[in-house]
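Student: Turn this into a model:
(one chain, ligands or ions: 2)
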Amino acid sequence: HMKGSIFDLDGVIVDTAKYHFLAWRELAKELGFEFTEEHNERLKGVSRMESLRILLEIGGVQATEAEQQCMAQEKNDRYVKYISQLDESELLPGVRTYLTGLRMRGIGIALGSASKNAEFILERLQIASLFDAVIDGNKVSKAKPDPEVFLKGCEALRLDPSHCVVFEDAAAGVQAGKAAGCGVVGIGRPEILSEADLVVSGLIDLVK
Ligand code: G6P
Ligand code: MG
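Tutor: Ligands and ions are numbered 1, 2, ... in the order given. Here you go, the predicted structure:
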């Protein structure tokens, strides 16, 4: 049975994908090409530098390592401007109720995200205090589907992975959770998340 829970951030707790999209689109525009929402799908769950690499490939733009560092910085500055406006109202439905319920049952709660802005986002959403541990892009070196982020989450909760459940909206995240040896609840469409043990459309489905 579940003693600990590990949550992905984007697409599970908050929809930050739309802000990543706006920031990437602005950067693409500066570089002289169009970046669409369809393109943006390829960046979900992908690290900042890898996202930039994909974006430059889409635009057919060549850039040196130094230029890429500069571009990633600029994208992040734009992104941070958007997420500075975040507040509680942008929590996805059911999130606070579900997390609070877990705490009342004594179940450990960790975050497992690729984002280096995760702590800031939790603060903005006013849910930071609900988490026992935050494993984010500053603490991991291997991206999902590698299990590193979730193994570190279990370790931080001092629990065996077999007693932890991962909540994920991305296929690579579901794979990472399974590879870590955790139970996995997929958030979204069953066609994409078929490897999950259970698929729901959002945390709201688990509080009813
Ligand atoms: C999450 C998002 C990605 C984002 C990545 C890094 O995985 O789904 O779209 O690129 O985090 O986010 P960061 O805030 O560090 O740029
Ligand atoms: Mg996600």
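Student: Surely C154 and S162 touch.
Tutor: No - assessed by Cβ atoms under 8 Å, C154 is found out of contact with S162, at 9.1 Å. Any C-beta I mention is one placed from the backbone N, CA and C, and that applies to glycine too.
Student: Compare the two (neighbour count), which wins?
Tutor: C154 (27 against 11; other Cβ atoms under 10 Å).
Student: I'd like to know how far that one sits from ligand 2.
Tutor: Per Cβ to the ion, to the nearest Å, C154 is found 19 Å from ligand 2.
Student: ok, now F33?
Tutor: 26 Å.
Student: can you check S201 too?
Tutor: S201 is 14 Å from ligand 2, by Cβ to the ion.
Student: For the residue nearest to K3 when sequence neighbours are not counted, give me its contacts.
Tutor: Nearest in space to K3, with sequence neighbours left out and distances taken as Cβ to Cβ, 6 or more residues apart in numbering, is H163 at 4.1 Å. For H163, the contacting residues are 1-4, by Cβ atoms under 8 Å, 6 or more residues apart in numbering.
Student: can you pull out the strands in this protein?
Tutor: 4-7, 108-112, 133-135, 164-168, 183-187, 198-200 (DSSP state E).
Student: does ligand 2 sit close to the second one?
Tutor: What it means is strand 108-112. No - counting by Cβ under 5 Å from the ion, ligand 2 has no neighbours in strand 108-112; the shortest distance is 9.8 Å.
Student: What residue in the protein is the furthest from its centre?
Tutor: Seen from the C-alpha centroid of the chain, the residue lying at the greatest distance (Cα atoms, centre = their mean) is G32, 28.5 Å away.
Student: For the protein, which element, helix or strand, carries the lowest mean pLDDT?
Tutor: Lowest on mean pLDDT, DSSP states H and E among the helices and strands of the chain sits helix 37-41, with a mean of 90.
Student: Can you tell me what sits against it?
Tutor: Contacts of helix 37-41 (Cβ under 8 Å, 6+ apart): 17, 20-21, 24-25, 55, 58.
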